[in-house]
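[1] Prediction below, plus the sequence it came from.
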Amino acid sequence: MIQVPFPPSKAALLLDFDGTLVDIAPTPESVIVPAGLTEDLLRLKDLLGGALAIVTGRPIAQIDHFLPGIPYAVAGEHGVAMRKSPVHDVDHRVLPAVPADWLGGAEDIVARYPGASVERKRAGMVLHYRQNQDAEPAFRSLVGDWAAEPNGFRLQDAHMAIELRPLGVDKGGAVRELMAENPFQGRLPLFVGDDVTDMDGVRAARQMGGDGWLIPDDFPDAATFRRWLHDLSEGHGWGA
Ligand SMILES: O=P(O)(O)OC[C@H]1O[C@H](O[C@H]2O[C@H](CO)[C@@H](O)[C@H](O)[C@H]2O)[C@H](O)[C@@H](O)[C@@H]1O
């Protein structure tokens, strides 16, 4: 089992949500927060002097719904939205809007493939095909026609989804921004995630002298990671 190479007095924990804290579910709304997770996160937050953040692709409001009052800070939409403390307002970056015809094309496909969906974000959108995998080729053909980068976006594969994300914003930047603020400042970041977008968070945490781990490379699945987190919250697995 992974040992954190330093004590909780020096650590900050920055965690991804889907596929890491909660298991992947059929739809974004249907994820289940496992029993005991909120208690473990609250214990960890105390242990870390508050330095616990969620760094997610989801809008911050969804983290507030699933984990109300739990993290000290939240980076949402891969860093497009940042709330640096429980009393801060959410800061949103000003970014280009998704072209209306791109959105219209995605909505046409959703109408033709029941179960497929478009999740709109402040600066981007996710085309979900988990509930109707026949929609995947149609979505891929559609996004193949988009000039994403000249319009300020990039396309990224996600879990049974294709995400249109703004250029220049990623979880690595979000980790750096959070680590510049109290109570994170002066601590070493530990980042854990499970997806391509989490690689940026892992890299940033390592470059800052902390560490970063991925599911399934370092933990076989989210349930194993949560058991490790539980032990950590009880003071086990920390270095001196
Ligand atoms: O950065 P994360 O916290 O890991 O969020 C990544 C995306 O997660 C959500 O979609 C994924 O999880 C859903 C629930 O398990 C699943 O139904 C879907 O197939 C996955 O792609 C969320 O909807 C996205 O907005 C996040 O970017």
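    Done, it's in. Numbering: from 1, shown residues only.
[2] Pick out the residue in the protein sitting closest to the ligand.
    residue 57 (2.4 Å; CB to the nearest ligand atom). Every C-beta, even on glycine, is put in place using the N, C-alpha and C of the backbone.
[3] quick one: contacts for that residue?
    Going by CB atoms under 8 Å, 6 or more residues apart in numbering, residue 57 touches 18, 76-78, 126, 158, 163, 195, 197.
[4] So which of those belong to strands?
    Mapping the contacts of residue 57 onto strands (DSSP state E) picks out 76, 126, 158, 163.
[5] what's the most distant pair in those?
    Within these, 76 and 158 form the most distant pair, 15.2 Å apart (CB to CB).
[6] out of those two, which sits in the busier spot?
    More neighbours surround residue 76 than the other of residue 76 and residue 158, with 26 against 17 (other CB atoms under 10 Å).
[7] got the contact list for the nearest residue to residue 116 once chain neighbours are set aside?
    Using CB to CB, 6 or more residues apart in numbering and skipping the chain neighbours, the partner closest in space to residue 116 is residue 135 (3.7 Å). Taking CB under 8 Å, 6+ apart as the criterion, residue 135 is in contact with 109-110, 112-113, 115-116, 127, 129.
[8] gap between residue 135 and residue 24?
    Relative to residue 24, residue 135 is positioned 18 Å away (CB to CB, to the nearest Å).
[9] Show me how the chain divides into domains.
    As assigned by automatic domain parsing, the chain contains the domains 8-93+170-233, 100-166.
[10] Which residue, neighbours along the chain excluded, lies closest to the residue nearest to the spatial centre of the chain?
    Centroid-nearest residue in the chain: residue 56, 1.9 Å away (criterion: CA atoms, centre = their mean). Leaving aside its chain neighbours, residue 56 sits nearest to residue 17 (4.2 Å; criterion: CB to CB, 6+ apart).
[11] Which of the contacts of residue 135 sits closest to residue 96?
    residue 127 (18.0 Å).
[12] Name all residues that make contact with the closest one.
    Residues in contact with residue 127, defined by CB under 8 Å, 6+ apart, are 106, 109, 116-118, 135, 139, 142-143, 161-164.
[13] how would you label the residue nearest to residue 9 when sequence neighbours are not counted: helix, strand or coil?
    The shortest distance from residue 9 to any residue other than its chain neighbours is 7.4 Å, reached at residue 49 (CB to CB, 6+ apart). Here residue 49 is coil, with the state taken from DSSP: H, G, I helix; E, B strand; the rest coil.
[14] Residue 209 too?
    Under three-state DSSP, residue 209 falls in the coil class.
[15] Could you do residue 191 as well?
    Classified using three-state DSSP, residue 191 is strand.
[16] Let me know whether it touches residue 178 as I believe.
    No. In this structure, residue 191 is not within contact of residue 178 by CB atoms under 8 Å, at 10.3 Å.
[17] What are the phi and psi values at residue 140?
    In terms of degrees, to the nearest 10, the main-chain angles of residue 140 are phi -60, psi -40.
[18] low-scoring pLDDT stretches of the chain, where are they?
    Across the chain, nothing is flagged by pLDDT under 70.
[19] Can you name the residues of it that neighbour the ligand?
    By CB under 6 Å from any ligand atom, the residues of the chain that approach the ligand are 16-19, 24-28, 31, 56-58, 119, 126, 128, 130, 158-161, 163, 195, 197.
[20] which stretches of the chain form helices?
    37-47, 60-66, 100-112, 135-144, 171-179, 198-207, 222-233 (DSSP state H).
[21] Tell me the buried residues in the fourth one?
    By that I understand helix 135-144. 135-136, 138-139, 142-143 (16 or more other CB atoms under 10 Å).
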